[in-house]
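A.B. asks: fold the following for me, if possible:
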Amino acid sequence: MSFRRQAKNGASLTELCVGLLVAIPVFLFAFECAKLIIAMQINDNTCREAARVAASGAPASAERRAESVISRANEEKASMISDLRLVSVANTASPADIKNVQRNGGTVSGTVTVTTAAAITTFLARWLTPGGQFLTFQSRQSFPYTYVLPSPAPANE
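C.D. replies: Next up is the predicted model:
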């Protein structure tokens, strides 16, 4: 009777080990997928915020404002994303229109398009990609603006 009890315990232990061999990789894969999804959302949200901030002031300083959002996000999200960077800031208003408004006052309208890229490293990416490279995701967001600068000329009374 004690032999049967040992056989049952041995079978249970074997089943547990085989089950863990299947369950642990599935759990790790799900964790890695969740990490990728969260990191992509962080990149998208940061890009949207950078575009909104870039469109909220003078068009000439849009890139500086977008870069400040990116640097703040890098400080806050350092554990999830290895490198969040500003790729480009494009403005649909012509540089001549922007300079004219700065000189003479008036209204300039356009759209600011911000592109960001995030380098994300995961445990699986180190093993599956050649050289253990980072996965890089890009996001592009556009935000419209209308900027009004009063005329520097003195008002006639």
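
A.B. asks: report the contact partners of residue 144.
C.D. replies: Residue 144 makes contact with 55, 109, 110, 111, 112, according to CB atoms under 8 Å, 6 or more residues apart in numbering. Backbone N, C-alpha and C define where each C-beta goes, glycine included.

A.B. asks: CA atoms only: put the helix or strand harbouring the second one into CSV for me.
C.D. replies: In other words, residue 109. If you go by DSSP states H and E, residue 109 is part of strand 106-120. The C-alpha trace of strand 106-120 is given here as CSV (Å, rounded to 0.1, in the frame of the first residue of the first chain):
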residue,chain,number,x,y,z
GLY,A,106,-1.2,89.2,-37.2
THR,A,107,-2.5,85.6,-37.5
VAL,A,108,-0.8,82.5,-38.7
SER,A,109,-2.6,79.1,-38.8
GLY,A,110,-1.3,75.7,-39.5
THR,A,111,-0.7,72.2,-38.2
VAL,A,112,2.2,70.9,-36.1
THR,A,113,3.1,67.3,-36.7
VAL,A,114,5.4,65.6,-34.1
THR,A,115,7.1,62.3,-34.7
THR,A,116,8.6,60.3,-31.8
ALA,A,117,10.4,57.0,-31.6
ALA,A,118,10.8,54.7,-28.6
ALA,A,119,13.3,52.0,-28.1
ILE,A,120,11.8,49.2,-26.1
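
A.B. asks: show me the contacts for the most centrally placed residue in the chain.
C.D. replies: In the chain, the residue lying closest to the centroid (CA atoms, centre = their mean) is residue 43, at 1.0 Å. Taking CB under 8 Å, 6+ apart, we find residue 43 in contact with 81, 84, 116, 117, 118, 137, 138, 139.

A.B. asks: so which strand or helix has the second one?
C.D. replies: Just to be clear, that refers to residue 84. strand 83-91.

A.B. asks: quick check: what element follows that strand along the chain?
C.D. replies: The helix or strand immediately downstream of strand 83-91 is helix 95-104, counting by DSSP H and E.
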